[in-house]
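Colleague: Based on what follows, work out the 3D shape:
(one chain, ligands or ions: 1)
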Amino acid sequence: MSRTGIVPTVAPGAATAPGTASGQAGDAATARPAVDRCPGILRLHDAGDGGLARVRVPGGRLSRRTLTTLADATRLGNGLAELTSRASVQVRGLPADAAAPLVALLAAGELLPSRAHDRVRNVLASPLAGRVPGALGAAHGSLGDFTAASAHGSLGDVAAASAHGSLLPTDALVAQLDAALCADPALAALPGRFLFALDDGAGFVDVAASDVALVAEPIARVPGRSAGADPRDAGGGDRAAGATAGARFRLHLAAIPTTLTVEPGDAVPLLLRTALTFLTLRAELAPTAWHVADLPDGAAALAAALTTALAHASSGRSLVQETSDRPLLAPGALIQADGRVAITALPPLARLDTRQLDGLSELLVAHGLDDARLSTARTITVPDIEADRADAVAAGLRALGLVTTPDSGWRGLTACSGAGACRRALVDVRAAAAVRATQRGPQAPAEHWSACPRRCGMKRDVAVGIVAGDDTLLMTRAGVARGEATDVEHALELLTTTDERPAA
Ligand code: SF4
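Modeller: Below is the predicted model of the structure:
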C-alpha cells in the first residue's frame, strides 16, 4: 500500500470485472433490478422444470455428510443436481410443497448454517488448495510411475499451466471466513452474487469473477523484502505441507490487484472489513449494486474507502500485476506436494443424480477421505488420496459415470434437465448429448442442448445451441440461427458436418 492509501494497480475498466462485460466500473449499477432475485435455499427460482434451489458451498467442499444430504435433497426434486460455474450446487425440479422440507433437510445437513446468510456464503477457493507442488515439472515426471500402473490414461494435465505451486494453504481460512460471515448480521445484506475468493497462489481460482479476493504471492514480490525470501529460492522448504512461510496475500478488488498485502492471520478480518465497507459505499452511492464493479469508480472507490477504514497501513508500493493465463482444472490426477494424490473428475453435463451423490459419499467413506471439492470448471476433485489407493478411487469415480481423463468430449457440453426430469421436454437431450460427447473433442466450443424453447440454463450467446421445438430443432452458433433439423439424429448429423463452418 502506498503511504497515502490502497491503490488499485490497474485503472478501473482496464480489466474485465465481475458482472460487467467491459469491466467499466459503475456501468451495470443502473441496469440492476432493485430487488436481487438470486436464488438460494430459502428463495427458489421458478425454472421450467420446477423449483430450483441454489446451495452455496464455500470453497466448493462437500463432505461425506453434505453429499448424502444433497442426495436426499434431489429426492425432493427431479433427482438431479447441477454444478454451477461458481462452484455451487443447484437442486432442480422441486415441487412447491418441497420448499419447507428442503430447508429443514439442508439446515440439518450443515448446508444452511444461517438462514439469514443463505445467499451470501459465496467463497471460491482452489480444490487443490495448499497441495500443488512448486516444481510441477518434477511432479509430472513422478506421475509416470503412477500412471503406468493405472488405467486412467493420460493424467497429469491438471496443473500443467500453473506457474508455481501452492504458496499458502486456504482450507482453514475458507472455514473461518464462512463462520465469520454467518456470525455478522450486517453481512447478511450482501448481494447474492457478491463473491469472495481465496487463491493459494497456484492460480486455479477464478479471481476474475470475484468481487474481493486474496491471492497468495511470493514475498519477494513485495517491495522491501529480499529476493532470498522467495520460497522458489528455498529449494522446497516445507512444500510437503503445501505451504511456504515466504508468501503473503494480496488484496484484489473487482479482479484488480491493489497495493495491500497481508499475512494469513489478517486475511479473514480484511475480507470482512472490505465487505462491510462495500455495503457502506453501496448504501451511499449505488443501492442496487451487486458487485464492486457496479459502484461508481468501482475498485478505486472501495480502495479509497478502505484506506480510511483500516487501522493499519502496509509498506508496499503500487505494483503492476504480472499477466499470466490462469491454469484450468481438467480431469486427471496430480501428485500433491505431500506425495498423496488428488483426482479431478468431470460429471457429464455438470450434473449429478441421486445415485451419484450417494455413491460419492460412499466412495469417500470407503477410502477414509474427508471431502470432494467443486470448482468453477464444474469439476469434482477428491484430494488427499494415499498413492496406493488412487487407482481404486479413480475406478470408483468412473464407475459412477464420471470422466477422469482430460480428452473427453463431455468438456463444455451441457443440456437442460430434459426427458424424464421435466414434463415440458420434447426430446431426450441427455441421450443426444451422450452421442454428441463421442463426436466432439475436448477443445470443442461450448454447446448446450435444450429440450424445449424455454432454454433453461442456456447462455444467450452460447457457441453452439440446439433448441427443440414442436416440429424441428433449431441450431444456433453464437446466438445466431444456423439451421433446423427434423429430429435429433438429423441434428447430430448437421453438427458434425458444420462444426468448423464460420458463421454466415
Ligand atoms: S425441457 Fe428443458 S428447457 Fe424446457 S422447461 Fe424443461 S428443463 Fe427447461
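
Colleague: which non-adjacent residue is nearest the one residue in the stretch 201-350 of the chain that gets nearest to the ligand?
Modeller: Closest to the ligand within the stretch 201-350 of the chain is L349: 12.0 Å, counting by CB to the nearest ligand atom. Yep, even glycine has a C-beta here, placed from its N, CA and C like the rest. Distances taken as CB to CB, 6 or more residues apart in numbering put A415 closest to L349, at 5.3 Å, once the chain neighbours are dropped.

Colleague: hang on, that neighbour packs against D428?
Modeller: No - counting by CB atoms under 8 Å, A415 sits too far from D428 to count as a contact (9.6 Å).

Colleague: Which single residue of the protein ends up nearest the ligand?
Modeller: Of the residues in the chain, the one nearest the ligand is G48, at a distance of 2.3 Å by CB to the nearest ligand atom.

Colleague: Pull the number of nearby residues for the residue of the stretch 201-350 of the chain closest to the ligand.
Modeller: 25 (other CB atoms under 10 Å).

Colleague: where does D358 fall, phi/psi-wise?
Modeller: Reported as degrees, to the nearest 10, the phi and psi values for D358 are phi -60, psi -40.

Colleague: Any idea how many residues pack against it?
Modeller: D358 has 19 neighbours, counted by other CB under 10 Å.

Colleague: Spatially, and excluding backbone neighbours, which residue is closest to it.
Modeller: A71 (4.5 Å).

Colleague: ok so, going back, so how far is A425 from the nearest residue to the residue of the chain closest to the ligand once chain neighbours are set aside?
Modeller: Nearest non-adjacent residue to G48, counting by CB to CB, 6+ apart: R454, 4.1 Å away. If you measure R454 against A425 using CB to CB, to the nearest Å, the figure is 10 Å.

Colleague: before we move on, what about L329?
Modeller: Taking CB to CB, one finds L329 at 31 Å from A425.

Colleague: Could you do P191 as well?
Modeller: 33 Å.

Colleague: Could you list the low-confidence segments of this structure?
Modeller: Scanning the chain for pLDDT under 70 picks out the ranges 1-35, 135-163, 220-245, 309-325, 499-504.

Colleague: Give me the three-state assignment for the most centrally placed residue in it.
Modeller: Per CA atoms, centre = their mean, the C-alpha nearest to the average position across the chain is that of T376, at 2.2 Å. Counting by DSSP: H, G, I helix; E, B strand; the rest coil, the backbone at T376 sits in coil.

Colleague: And for A108, nearest residue in space, chain neighbours not counted?
Modeller: What sits nearest to A108 in space, not counting adjacent residues and going by CB to CB, 6+ apart, is T69, at 7.6 Å.

Colleague: where's the one you found, which helix or strand?
Modeller: Assigned by DSSP states H and E, T69 belongs to helix 64-76.

Colleague: CA atoms only for that helix - export them in PDB, please.
Modeller: The C-alpha coordinates for helix 64-76 follow below in PDB (Å, rounded to 0.1, in the frame of the first residue of the first chain):
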ATOM      1  CA  ARG A  64     -19.400 -37.200   3.100                       C
ATOM      2  CA  ARG A  65     -22.400 -35.900   5.100                       C
ATOM      3  CA  THR A  66     -23.200 -33.000   2.800                       C
ATOM      4  CA  LEU A  67     -23.000 -35.200  -0.200                       C
ATOM      5  CA  THR A  68     -25.600 -37.500   1.400                       C
ATOM      6  CA  THR A  69     -27.700 -34.500   2.300                       C
ATOM      7  CA  LEU A  70     -27.600 -33.300  -1.300                       C
ATOM      8  CA  ALA A  71     -28.600 -36.800  -2.400                       C
ATOM      9  CA  ASP A  72     -31.600 -36.600  -0.100                       C
ATOM     10  CA  ALA A  73     -32.400 -33.100  -1.400                       C
ATOM     11  CA  THR A  74     -32.500 -34.400  -5.000                       C
ATOM     12  CA  ARG A  75     -35.100 -36.900  -3.900                       C
ATOM     13  CA  LEU A  76     -37.400 -34.000  -3.100                       C
END
